[in-house]
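Visitor: One predicted model, sequence on top.
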Amino acid sequence: MTPPAINLDPAELAKFEAIASDWWDPDGPLKTLHDINPLRVEYIADRTDLRGARILDVGCGGGLLSEALSGKGAQVSGIDLAESGIAVARAHAAESGHDIDYRKIDAATLASEQPASFDVVTCLELLEHVPDPGALVAACSKLVRPGGTVFFSTINRNPKSFVFAILGAEHLLRMVPRGTHQYAKLVRPAELSSWCRATKLDMKELTGLHFNPLTQSYWLGGNTDVNYFAHTKRPLTT
């Protein structure tokens, strides 16, 4: 059997390899992920039972979400193609006492090895960094068991998101390093919904993630004009 093509942009990978040592610095270049991580976990925990659930964190990076889900009683595996990030994730999990299975492998290859193996799959802040986001959605669908849940989060593509997520967050407020996002790679909700339908994932909900620069606070709900989460399920029968 021919192995699936690796869904990888070397330039994107290099960005995250370069900041791997900063993954667990709450005031470093990944500060925004630290700030929104409680909301990410809340969003997931409110929509599925985490205790004892077998969860795969696709694009786990240094393990911020993986460890938080493990702390909720889930059995967590994390995958990423950034070798240095995986090394950081393994080291931090060992220090903090979390039993998490981290692997350097892409989602499509793992889906070929272990189809329908997870109760929950999370794919957060990754779709906008790969060459073929539709193929990544398909791999996530293949990885989750029938009746299981897949969560996505990404950034919308429109003039407002360009102003807020790129000009504002990267250039003015410097919330994330410049060049983190490319406008052409951002994902409209209609595109994500279409990929989900094509891969037999039912879209249950789209929810916006919002930021107030004056109060430095984040919240969930309302429109999906800029950042947004998606809650999907794989039907028991297809």
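Guide: Thanks, I have it.

Visitor: Could you list everything the residue nearest to the spatial centre of the chain pairs with in the sheet?
Guide: Taking CA atoms, centre = their mean, the centroid of the chain lies closest to L124, which sits 1.4 Å from it. Under the criterion DSSP bridges, L124 forms beta bridges with S153.

Visitor: so how far is F118 from it?
Guide: L124 is 15 Å from F118, where distance means CB to CB, to the nearest Å. C-beta: built from backbone N, CA, C; applies to glycine.

Visitor: again, but for L8
Guide: 21 Å.

Visitor: Between these two, which is the more surrounded one?
Guide: F118 (25 against 14; other CB atoms under 10 Å).

Visitor: residues in contact with the more buried one?
Guide: Neighbouring residues of F118 by CB atoms under 8 Å, 6 or more residues apart in numbering: 54-56, 77, 143-145, 148.

Visitor: Quote the end-to-end distance of stretch 155-163.
Guide: 12 Å (CA to CA, to the nearest Å).

Visitor: buried residues in that stretch?
Guide: Residues of stretch 155-163 classed as buried by neighbour count (16 or more other CB atoms under 10 Å): 155-157, 161-162.

Visitor: Stretch 103-116 too?
Guide: Going by neighbour count (16+ other CB under 10 Å), the buried part of stretch 103-116 is 106-111.

Visitor: and the helix or strand where R145 lies, how far out from the chain's middle?
Guide: Applying DSSP states H and E as the criterion places R145 in strand 144-155. Distance of strand 144-155 from its chain centroid, counting by CA atoms, centre = their mean, to the nearest Å, is 10 Å.

Visitor: helices or strands up against it?
Guide: For strand 144-155, the packing partners by 3 or more CB pairs under 8 Å, 6 or more residues apart in numbering; DSSP states H and E come out as helix 31-45, strand 118-124, helix 133-143, strand 227-233.

Visitor: what residues does the helix or strand just after it touch?
Guide: Per DSSP H and E, the first helix or strand lying C-terminal to strand 144-155 is helix 159-161. Here helix 159-161 makes contact (CB under 8 Å, 6+ apart) with 155, 186, 225-226.
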